[in-house]
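> quick check, what structure comes out for this input:
(chains A and B)
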Amino acid sequence: DVKVTQSSRYLVKRTGEKVFLECVQDMDHENMFWYRQDPGLGLRLIYFSYDVKMKEKGDIPEGYSVSREKKERFSLILESASTNQTSMYLCASSLARYNSPLHFGNGTRLTVT
Amino acid sequence: TQLLEQSPQFLSIQEGENLTVYCNSSSVFSSLQWYRQEPGEGPVLLVTVVTGGEVKKLKRLTFQFGDARKDSSLHITAAQPGDTGLYLCAGRGTGGFKTIFGAGTRLFVKA
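Okay, the predicted model is just below:
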């Protein structure tokens, strides 16, 4: 069974702090994704990666960066957290096949005060 | 930017009723997936449809992909309280692995 693990379930950070969200998958998936989920807006893609050290911007990359130094780990970085980045963050992984499903972690609820 | 419009956003029905959720776009997708999400968890895949006109059944759930691969529907027959949750459609474009999601339909089935 695929397991996608997000390091924190809940995080509270202050405005201006640098925030790291970590995600690890154990099934050797090539693709990894970061989404944020907000009520009424669904899941919006921030960044995704299809290989180590490779990344592509999603639909809302502003204010975020990512790092993928190892195949199993994909980190989301908020360089200077702002209150409008308060959200649920979901990490997912998938095989590099066009109809492969996404396997999600349980999410990190980030509050920026 | 590809968009997926999902309707209705919220549905509250009695146990035993039927319902349909719609997912529409002006874009063509290589595949479309339906996920279900429960509180405190990530979305979990229900089905993938890849061929225009395809119909898939999963017990009381019927999924259909439009002929032009721009829209999809999820029909639930005789809904049960255990069907309560957030249903999300997700489309993958023809050019890569980017997957976009609809806003979701929150279903509540009352016993």
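
> name the residue of chain B that lies nearest to chain A.
Per Cβ to the nearest Cβ, B:Gly42 is where chain B lies closest to chain A, at 2.8 Å. Every residue, glycine included, has its C-beta placed from N, CA and C.

> ok, and what's touching stretch B:38-52?
A:4, A:43, A:90, A:92, A:99, A:101-107, B:30-37, B:56, B:58, B:61, B:63-69, B:72, B:74, B:85-86, B:88 (Cβ atoms under 8 Å, 6 or more residues apart in numbering or on different chains).

> for stretch A:23-31, same thing?
A:2-7, A:32, A:34, A:48-51, A:71-76, A:91, A:93-96, A:100, A:103, A:105, B:97.

> the residues you listed in strands, which ones?
Secondary structure assignment by DSSP state E places A:4-6, A:32, A:34, A:48-51, A:73-76, A:91, A:93-94, A:103 of the contacts of stretch A:23-31 in strands.

> could you give the number of residues near the residue of chain B closest to chain A?
22 (other Cβ atoms under 10 Å in any protein chain shown).

> considering only the ones in strands among the contacts of stretch A:23-31, which also neighbour chain B?
A:4, A:48, A:50, A:94, A:103 (Cβ under 8 Å from any Cβ of the partner chain).

> test my guess that the fourth one contacts A:Phe104.
No: here A:Ser94 does not reach A:Phe104: they are 10.0 Å apart, not a contact under Cβ atoms under 8 Å.

> which among the ones in strands among the contacts of stretch A:23-31 end up buried?
In terms of neighbour count (16 or more other Cβ atoms under 10 Å in any protein chain shown), the buried residues within the ones in strands among the contacts of stretch A:23-31 are A:4, A:6, A:32, A:34, A:48-50, A:74-76, A:91, A:93-94, A:103.

> just to revisit the earlier point, closest to A:Thr15 among the ones next to chain B among the ones in strands among the contacts of stretch A:23-31?
A:Phe48 (26.9 Å; Cβ to Cβ).

> let's have the buried ones among the ones in strands among the contacts of stretch A:23-31 in CSV, adding pLDDT.
Shown next, in CSV, are these (pLDDT from 0 to 100):
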residue, pLDDT
A:Val4, 96
A:Gln6, 96
A:Met32, 95
A:Trp34, 97
A:Phe48, 93
A:Ser49, 94
A:Tyr50, 91
A:Phe74, 97
A:Ser75, 97
A:Leu76, 98
A:Cys91, 97
A:Ser93, 95
A:Ser94, 92
A:His103, 95
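
> what's the farthest-apart pair in those?
A:Gln6 and A:Tyr50 (19.9 Å).

> who in chain A is up against chain B?
Going by Cβ under 8 Å from any Cβ, the residues of chain A near chain B are A:4, A:31, A:33, A:35, A:40-45, A:48, A:50, A:56, A:58-59, A:90, A:92, A:94, A:96, A:98-99, A:101-107.

> near chain A, which residues of chain B show up?
B:1, B:6, B:9, B:30-31, B:33, B:35, B:40-45, B:48, B:50, B:88, B:90, B:92, B:96-104.

> list the contacts for A:His103?
A:His103 touches A:2, A:4, A:25, A:27, A:29, A:92-94, B:45, counting by Cβ under 8 Å, 6+ apart.
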